[in-house]
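S.K.: Next input, structure requested:
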Amino acid sequence: MKTNRNIQQHAETLAKYLSGEMSGAELNEFEEEIAGSEEIKIMIEKMKKQWTALEEFQDTKTPDTTKAWAKLHNRLENEKLIPLQAAAVKNRLMSRLIRVAAVIIVMLGTAAVIYFTTYHKSGQEMVQVNTGSEANTLIKTLTDGSVIYIAQNSLFSFPKEFEENSRNVALKGEAFFDITPNPDKPFIIETDEALIQVLGTSFNVKTKNGTDFELVVNRGKVKVTLKNNHSHSEMVVAGEKITTNKDILVKSKYVPDSDFPWYKQRMHFKDETLRNIINVLNRNFNTTFVIADKEIGSRKLTVTFNNETAETMTELICLTLNLKSQNVNGSVVLSENMESAK
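M.R.: Residues are numbered from 1 along each chain as shown. A predicted model of the protein is given here:
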């Protein structure tokens, strides 16, 4: 796995390329490297356009905003869903050195961001999600429908497509897992301390610096095996907790906290489809969102919900994606807002 330092080095290299500061052998080597992956080439072309937009932004006056954006921005700002220092971004883009930092900020994010990279493990193309220090929970829906709630200061790695007979991922930090059942395709999580095998369940995993490990099962059961001693395994069921102590696994009873679960607070979605977002909201809150057609469900959205009401979540979604909502038999149906398109 690549470390945070590796990611920063890649970000700095990419920043040099985008800013035109790379030349000669270094430029040739970089372009040969990205030529091997059509998807990476497309991703970098998109970044070029974003970089150009940033440069143009420095030379223009503050643009006029639409009423919809103003309303959304004010709501996010009033409810503290965007960082207070956002207004200072323009000034920070002025110097060449800060231009490099800007790309890193864009890639790593104030709360969390997805960093795409390729490394070969059984020929799989992997995706790394590296969250920042903001107190957000980044939520990712995997291709099998499993939902992962990733805490701040955590690193989660998963394949773009799972292999035929297994679903292998890796975690450094803390995450809550809600795994889609599939008896023929076990879900395996690798941490520094242990391997966790799942068929279909929900549980919380917390790791720290390769020494501390804690797993709490909410539903179903999982098998935990120490990486440095594969003969030492334990089955953990709902209502149980397992930790490591001097290279042994220690199991105990677990009483759930009465507080609102951490992973439901400040839920942050980064470039997620509306279909996946609605699925998570309906799982965790007393909501019954319904999408009117398939095309709407495939639209992507970046949004943070901080203990919002169903009405506020509906308004944010509709305002951002230009949709309208209707209450039909107790369900909130989201559809295209044809009136605003006229």
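S.K.: which residues are contacting stretch 179-195?
M.R.: 144-146, 162, 164-172, 177, 196-202, 205, 207, 209-213, 215, 224-227, 244, 249 (Cβ atoms under 8 Å, 6 or more residues apart in numbering). Just so you know, the C-beta spots here come from the backbone N, C-alpha and C atoms, and that holds for glycine as well.
S.K.: and the strand or helix carrying Met313, what does it pack onto?
M.R.: Applying DSSP states H and E as the criterion places Met313 in helix 310-321. Here helix 310-321 touches helix 67-78, helix 274-284, strand 300-305, strand 323-328, strand 331-336, going by 3 or more Cβ pairs under 8 Å, 6 or more residues apart in numbering; DSSP states H and E.
S.K.: Tell me the buried residues in that helix?
M.R.: For helix 310-321, the neighbour count (16 or more other Cβ atoms under 10 Å) marks 313-318, 320-321 as buried.
S.K.: In CSV: the residues you listed, plus pLDDT and distance to Phe289.
M.R.: Shown next, in CSV, are these (pLDDT from 0 to 100; distance: Cβ to Cβ, whole Å):
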residue, pLDDT, distance to Phe289
Met313, 92, 8
Thr314, 93, 8
Glu315, 93, 13
Leu316, 92, 12
Ile317, 94, 8
Cys318, 93, 11
Thr320, 91, 14
Leu321, 93, 12
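S.K.: pLDDT below threshold where in the stretch 1-150 of the chain?
M.R.: 1-12, 15, 19, 36-43, 46, 48-124 (pLDDT under 70).
S.K.: How many residues are close by Asn245?
M.R.: 9 (other Cβ atoms under 10 Å).
S.K.: swap in Pro183?
M.R.: A count of neighbours around Pro183, defined by other Cβ under 10 Å, yields 7.
S.K.: From Ser133, how far out is it?
M.R.: In this view, Pro183 and Ser133 are 39 Å apart by Cβ to Cβ, to the nearest Å.
S.K.: Stretch 161-181: which residues count as buried?
M.R.: Those would be 162, 167-180, for stretch 161-181 by 16+ other Cβ under 10 Å.
S.K.: beta partners for Arg167?
M.R.: Phe187 (DSSP bridges).
S.K.: Same question for Val250.
M.R.: Beta-bridge partners, per DSSP bridges, of Val250: Thr243.
S.K.: so it makes contact with Ile242?
M.R.: Yes. Contact status for Val250 versus Ile242: in contact at 6.8 Å, counting by Cβ atoms under 8 Å.
S.K.: Give me the more crowded residue out of these two.
M.R.: Neighbour count, other Cβ under 10 Å: between Val250 and Ile242, Ile242 has more, with 22 against 11.
S.K.: now that one: how far from Lys172?
M.R.: From Ile242 to Lys172 the distance is 18 Å (Cβ to Cβ).
S.K.: Give me the neighbour count for Glu31.
M.R.: 13.
S.K.: so it sits in a helix?
M.R.: Yes. Using DSSP: H, G, I helix; E, B strand; the rest coil, the assignment for Glu31 is a helix.
S.K.: going forward can the numbers begin at 818, since that is how I track them
M.R.: Sure, I'll start counting at 818 from here, so that last one is Glu848.
S.K.: Now do it against Gly841, distance only.
M.R.: 12 Å.
S.K.: now do Glu951
M.R.: 39 Å.
S.K.: So if I had to pick from those two, which one is more boxed in?
M.R.: Applying other Cβ under 10 Å to Glu951 and Gly841 shows that Glu951 carries more neighbours, namely 16 against 7.
S.K.: my guess is that one meets Gln969, correct?
M.R.: Yes. With contact defined as Cβ under 8 Å, Glu951 reaches Gln969; the gap is 6.2 Å.
S.K.: Reformat the helices and strands packed on helix 1127-1138 as TSV; add mean neighbour count and distance to Lys1111.
M.R.: Formatted as TSV, the helices and strands packed on helix 1127-1138 follow (neighbours: other Cβ atoms under 10 Å; distance: least, Cβ to Cβ, whole Å):
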stretch	mean neighbour count	distance to Lys1111
helix 884-895	13	24
helix 1091-1101	19	8
strand 1117-1122	18	14
strand 1140-1145	14	14
strand 1148-1153	17	12
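S.K.: of those, which approaches Leu831 most closely?
M.R.: Leu831 lies closest, by Cβ to Cβ, to one member of the helices and strands packed on helix 1127-1138: strand 1117-1122, at 20.3 Å.
S.K.: Leu1138 and Ile1094 touch, don't they?
M.R.: No. With contact defined as Cβ under 8 Å, Leu1138 does not count as touching Ile1094 (10.3 Å).
S.K.: what touches both of the two?
M.R.: Leu1118.
S.K.: ok so, going back, relative to Ser1050, which of the buried residues of stretch 978-998 is nearest.
M.R.: Closest to Ser1050, out of all of the buried residues of stretch 978-998 and judged by Cβ to Cβ, is Asn985, at 17.5 Å.
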